[in-house]
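1. The following block contains a protein sequence and its predicted model.
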Amino acid sequence: MKKALLFTSMFALALFTGCGGDSGDDEDRNVSGTWSGAITRVSDTCNSGAPQTANFTHTVTQNGEAVTLLDQNATRYLGNLLSDDGFSADATVNTTSGSTSCTEERQVEYDSINDDDDEAASMEVRIERTCGSTKCEISYTGTAARRVAGGGATPTPQPSGTPGVVTGGCAAINPRPAAGTYSGNGGCGLSDVKYTVSGQSVILEPFGANAATSFAINTANTSSATSTRNDLTINGVTGYSCSLTCAAPSTFTVSCFKEGGTTCTEKF
């Protein structure tokens, strides 16, 4: 029962956001918009059976330095800008485990929003769960793409006329930039990659030390894709899985994670 309840509250992971911090002189930073993407569990001291991966949609509204986030389950999170590249907000949710009342302190933090019109960001989700005198934590990491009012990124998935082929989102990234390959910022040591789409998959080649690597596009949210391998080598360490968040037509972000290991994000 405890696992089932936590699984449910986590999948409603419609996402929790982080508490605030010092926003410095960046009170005009624009973080508003609809952010969507995928997250992957990187640690779980609750042994909760929470989902390994989950999709989310966050509607973010900014008023000066204050930030309000509404997740897909209509849970409201409050926070503020952080430094010069992101924001954090949080919410408290009451749950039960059997006859025991539990409280979840949910926190989400967005980073790498370096420009007001940035279409992609990295993010972390942290949950501290208290049931009586027992405390445990669950952490997720992932990437998000933004759609702003009146246009912007995060294309709406379009129906495909060909069975087995998805359109929009990751399938709408331009496969041939002017230089022939996309250049990353080095966050995961990937450097230059060639981007191609085949059916319901994205192929990045080379993918650091892994040669060609396939990512399965999420048909329910085509702006995200997940690596089909969980033994990838990232920055010289094996055992990683990676996810992809796309902001068509020419921006995508790779996030790599290993349970118990470090995480990294590389923007292209």
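-> Received the coordinates, thanks.
2. What residues of stretch 255-262 count as buried?
-> Within stretch 255-262, the residues that count as buried by 16 or more other CB atoms under 10 Å are 255-258, 261. C-betas here are computed from N, CA, C, even on glycine.
3. Oh, that last question was meant for stretch 215-233, not what I typed.
-> Buried-residue list, stretch 215-233, by 16+ other CB under 10 Å: 215-218, 221-227, 232.
4. now do the same end-to-end measure for it.
-> Chord length of stretch 215-233, first to last residue, is 15 Å (CA to CA, to the nearest Å).
5. Would you mind listing the buried residues in stretch 181-189?
-> Within stretch 181-189, judged by 16+ other CB under 10 Å, the buried ones are 181-182, 184, 187-188.
6. Among the buried residues of stretch 255-262, which one lies nearest to A145?
-> When these are ranked by distance to A145 (CB to CB), S255 comes first, at 11.9 Å.
7. From the centre of this structure, point out the most distant residue.
-> S99 (33.5 Å; CA atoms, centre = their mean).
8. For that one, give its distance to C131.
-> Taking CB to CB, to the nearest Å as the measure, S99 falls 10 Å from C131.
9. Just the buried residues of stretch 255-262: which are in strands?
-> 255-257 (DSSP state E).
10. Leaving out chain neighbours, which residue sits closest to P249?
-> Excluding its sequence neighbours, the residue lying closest to P249 (CB to CB, 6 or more residues apart in numbering) is N174, at 4.8 Å.
11. Could you tell me how many residues sit around the one you found?
-> A count of nearby residues for N174, using other CB atoms under 10 Å, gives 12.
12. which residues of the stretch 151-268 of the chain fall in strands?
-> 151-152, 182-183, 192-198, 201-205, 213-217, 224-227, 232-234, 237-247, 251-257, 264-267 (DSSP state E, counting those that start in this stretch).
13. Reformat these as JSON lines; add mean pLDDT and distance to R29.
-> JSON lines is the format used below for the strands of the stretch 151-268 of the chain (pLDDT from 0 to 100; distance: least, CB to CB, whole Å):
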{"stretch": "strand 151-152", "mean pLDDT": "46", "distance to R29": "16"}
{"stretch": "strand 182-183", "mean pLDDT": "92", "distance to R29": "25"}
{"stretch": "strand 192-198", "mean pLDDT": "89", "distance to R29": "29"}
{"stretch": "strand 201-205", "mean pLDDT": "90", "distance to R29": "30"}
{"stretch": "strand 213-217", "mean pLDDT": "88", "distance to R29": "30"}
{"stretch": "strand 224-227", "mean pLDDT": "84", "distance to R29": "24"}
{"stretch": "strand 232-234", "mean pLDDT": "91", "distance to R29": "30"}
{"stretch": "strand 237-247", "mean pLDDT": "87", "distance to R29": "18"}
{"stretch": "strand 251-257", "mean pLDDT": "87", "distance to R29": "18"}
{"stretch": "strand 264-267", "mean pLDDT": "87", "distance to R29": "17"}
